[in-house]
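Visitor: output the structure for:
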Amino acid sequence: MSGDPRHILANSPMNALQITAVAICIILNALDGFDVLAISFASPGIVEEWNINRAQLGIVLSMELFGMAGGSILLGGIADKVGRRPTIIACLLVMSLGMYLASVVTSLTTLSVVRLFTGVGIGGMLAAINAMAAEYSNARFRNLAVILMATGYPLGAVVGGSVASLLLISFDWRAVFLFGAIVTGSFLLLVWFLLPESIEYLAEKRPAGALERINATLKRMGHQTVEALPSVVVSVRHKGIGKLFSPALLSITVLLTLAYFAHIMTFYYIIKWIPKIVVDMGYAASAAGGVLVWANVGGATGCVILSLLTRYFDLRRLIIVILLLATVMVIVFGLGQSELSQLATVAAVAGFFTNSAVVGLYALFAQCFPTEVRASGTGFAIGVGRGGAALGPIVAGFLFAGGHGLITVSIFMSLGSLIAAFCLMKLRYGQSV
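Guide: Numbering: from 1, shown residues only. Below is the predicted model of the structure:
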């Protein structure tokens, strides 16, 4: 049978292999979620053991975010050149090794370097699986697939955080990283045997043996094979990452990157500083981890609800409303609460809106960037945006160290979500390629 395999996938019902591929992407993002937040769960123990101040802690909390910035840009481009699958496998190796090394370091400097290294793998992973989830879904469920993929992040933080809180009762902070290393490494086999390369990538990039690999995957899906690769416009194929700055995509690239940069500052302020804020209120490190878990429960719930709402509302406008509500809830978080249960509730609601906005932006990335630069575009937006992620904990740390209270810091950090909403208001929806 002749035909375009991309059209076959886009117009056919989701089958078991496609659902499995999306599910694996969700699990891989869950690993990202735990690996990123491992340092947050460990931070009270690190402060106690090495006697560091808030400004120093803010820097170490941000190191993997700097690595994620570089990894997203560099490995996002590589995923568009060599494939989504090999990039994912390489990222798992980097993440597993980095988590193990974090469990054996003996100084703050070494830990910072190791977290920087780990972040490279985490950043590249997110760019690759965002593209993979989009490309394994059919047209009807593409937005839903990407949002569900992004839901893995808070789910990983919830499950991993619950385990981390239990580990911290009996062990020191190093056990959190060792647990992460073991779990991350175990998923290499899952990807190796159950996640074939994206058909859309193979059809677009045409590596050696592309037709045979496409047909092998089509057979596994129960579809008929194709006789030849579909035609591709040569001029588009050779533009690479430069296409992101072409007239057709320039405004989309700039506005989405700025929106992600600004909002992720707000998001990581909440996520990174919750444990230390709770400990400063006089509670144990295990209790602080519990509050962070509730923030991610709210985030996961927000992702699920967002995935349902996208079936009925315009995605861009929906995200704008969520960003405005996130701004309000971060300020409410800054008001402080007299009881731990109240703080956990406020953190959960703040997590609901801040995390929903993040995953909504991922869906816009998959929607706005075409196949040949989807991982590159996603990686660029996430990579540059991770600069905001890295700045969030650092700026907050120096504001705290400068004597500013929780409410002042929270009002300042909430502005990121407000700026992101303004960027999306300027985005011309329907301009996607």
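
Visitor: tell me the helices and strands packed up against the host helix or strand of Val297.
Guide: Here Val297, judged by DSSP states H and E, is contained in helix 285-309. Here helix 285-309 touches helix 16-50, helix 142-170, helix 250-280, helix 315-334, helix 340-368, going by 3 or more Cβ pairs under 8 Å, 6 or more residues apart in numbering; DSSP states H and E. In short, each C-beta sits where N, CA and C put it, glycine included.

Visitor: buried ones in the third one?
Guide: Applying a neighbour-count criterion of 16 or more other Cβ atoms under 10 Å, one finds 252-279 buried in helix 250-280.

Visitor: give me the mean pLDDT for stretch 182-199.
Guide: The pLDDT scores in stretch 182-199 average 92.

Visitor: what comes into contact with it?
Guide: Residues from elsewhere that reach stretch 182-199 (Cβ atoms under 8 Å, 6 or more residues apart in numbering): 5-6, 9, 17, 20-21, 24, 27-28, 31, 34-35, 83-85, 88-89, 92-93, 95-96, 99, 131-132, 135-136, 160, 213-214, 216-218, 220.

Visitor: what do you get if the cut-off is 6 Å, keeping everything else the same?
Guide: For stretch 182-199, contacts defined as Cβ atoms under 6 Å, 6 or more residues apart in numbering pick out 5, 21, 24, 31, 83-85, 88-89, 92, 95-96, 99, 132, 135, 214, 217.

Visitor: ok, now how distant is Met99 from Gly161?
Guide: Distance of Met99 to Gly161, computed by Cβ to Cβ, to the nearest Å: 15 Å.

Visitor: quick one: contacts for the residue nearest to the spatial centre of the chain?
Guide: For the chain, the residue sitting closest to the mean C-alpha position, by Cα atoms, centre = their mean, is Leu126 at 5.4 Å. Contacts for Leu126 (Cβ under 6 Å, 6+ apart) come out as 32, 382.

Visitor: where does the protein dip in pLDDT?
Guide: Low-confidence segments of the chain, defined by pLDDT under 70: 1-2, 232-241, 285-286, 371, 429-433.

Visitor: change it to 50
Guide: Along the chain, segments meeting pLDDT under 50 span 1, 235-238, 431-433.

Visitor: what count of nearby residues applies to Ser186?
Guide: If you count neighbours by other Cβ atoms under 10 Å, Ser186 ends up with 12.

Visitor: ok, Asn51 next?
Guide: 8.

Visitor: over to it: give its phi and psi.
Guide: With angles defined as degrees, to the nearest 10, Asn51 sits at phi 50, psi 60.

Visitor: over to Phe369?
Guide: Dihedral pair for Phe369: phi -100, psi 130, per degrees, to the nearest 10.

Visitor: give me the secondary structure label for Gly379.
Guide: helix (DSSP: H, G, I helix; E, B strand; the rest coil).

Visitor: kindly apply the preceding question to Asn138 instead.
Guide: coil.

Visitor: what comes up buried for stretch 416-433?
Guide: Neighbour-count burial for stretch 416-433 [16+ other Cβ under 10 Å]: 416-421, 423-424, 427, 433.

Visitor: before we move on, the earlier item: just want the angle from the helix holding Val297 to helix 16-50.
Guide: Computed by axes from the mean of the first three to the mean of the last three Cα atoms, to 10 degrees, the angle separating helix 285-309 from helix 16-50 equals 150 degrees.

Visitor: quick one: buried residues of helix 285-309?
Guide: 285-304, 306-307, 309.

Visitor: contact partners for the nearest residue to His263 once chain neighbours are set aside?
Guide: Closest residue in space to His263, ignoring its immediate chain neighbours: Ala420 at 3.7 Å, by Cβ to Cβ, 6 or more residues apart in numbering. The contact partners of Ala420, by Cβ under 6 Å, 6+ apart, come to 259, 262-263, 323.

Visitor: between the residues you listed, which is nearest Trp173?
Guide: His263 (29.0 Å; Cβ to Cβ).

Visitor: contacting residues for that closest one?
Guide: Contact analysis of His263 by Cβ under 6 Å, 6+ apart lists 357, 416-417, 420.

Visitor: with distance to Ala396 and secondary structure added, can I get these in TSV?
Guide: Rendered in TSV, the data for the contacts of His263 read as follows (distance: Cβ to Cβ, whole Å; DSSP: H, G, I helix; E, B strand; the rest coil):
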residue	distance to Ala396	secondary structure
Ala357	18	helix
Gly416	11	helix
Ser417	14	helix
Ala420	17	helix
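
Visitor: including distance to Asn51, could those go into JSON lines?
Guide: Below are these laid out as JSON lines (distance: Cβ to Cβ, whole Å):
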{"residue": "Ala357", "distance to Asn51": "36"}
{"residue": "Gly416", "distance to Asn51": "31"}
{"residue": "Ser417", "distance to Asn51": "34"}
{"residue": "Ala420", "distance to Asn51": "37"}
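
Visitor: farthest-apart pair in the residues you listed, please.
Guide: The span of the contacts of His263, defined through Cβ to Cβ, is set by Ala357 and Gly416 at 10.2 Å.

Visitor: the closest residue to Phe369 other than its chain neighbours: neighbour count?
Guide: Spatially, and ignoring its direct neighbours in sequence, Phe369 is nearest to Gly377 (3.3 Å; Cβ to Cβ, 6+ apart). By other Cβ under 10 Å, 30 other residues sit near Gly377.

Visitor: mind listing what Leu292 touches?
Guide: With Cβ under 6 Å, 6+ apart, Leu292 has these contacts: 161, 274-275.

Visitor: which residue packs closest to it, ignoring adjacent ones?
Guide: In this structure, Leu292 finds its nearest non-sequential neighbour in Ile274, 4.7 Å apart by Cβ to Cβ, 6+ apart.

Visitor: need the contact list for that neighbour.
Guide: The contact partners of Ile274, by Cβ under 6 Å, 6+ apart, come to 291-292, 295.

Visitor: closest to Leu318 out of those?
Guide: The closest of the contacts of Ile274 to Leu318 turns out to be Ala295 (Cβ to Cβ; 21.4 Å).

Visitor: let me see the ranges of the helices in the stretch 101-250 of the chain.
Guide: 108-136, 142-170, 174-194, 199-205, 210-221, 234-237, 250-280 (DSSP state H, counting those that start in this stretch).

Visitor: may I see these arranged in a markdown table, with distance to Ile319 as well?
Guide: What follows is the helices of the stretch 101-250 of the chain, written out as a markdown table (distance: least, Cβ to Cβ, whole Å):
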| stretch | distance to Ile319 |
| --- | --- |
| helix 108-136 | 16 |
| helix 142-170 | 11 |
| helix 174-194 | 30 |
| helix 199-205 | 25 |
| helix 210-221 | 32 |
| helix 234-237 | 28 |
| helix 250-280 | 9 |
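
Visitor: of those, flag the one that's most buried.
Guide: Of all the helices of the stretch 101-250 of the chain, helix 108-136 has the most neighbours on average by mean count of other Cβ atoms under 10 Å, namely a mean of 26.
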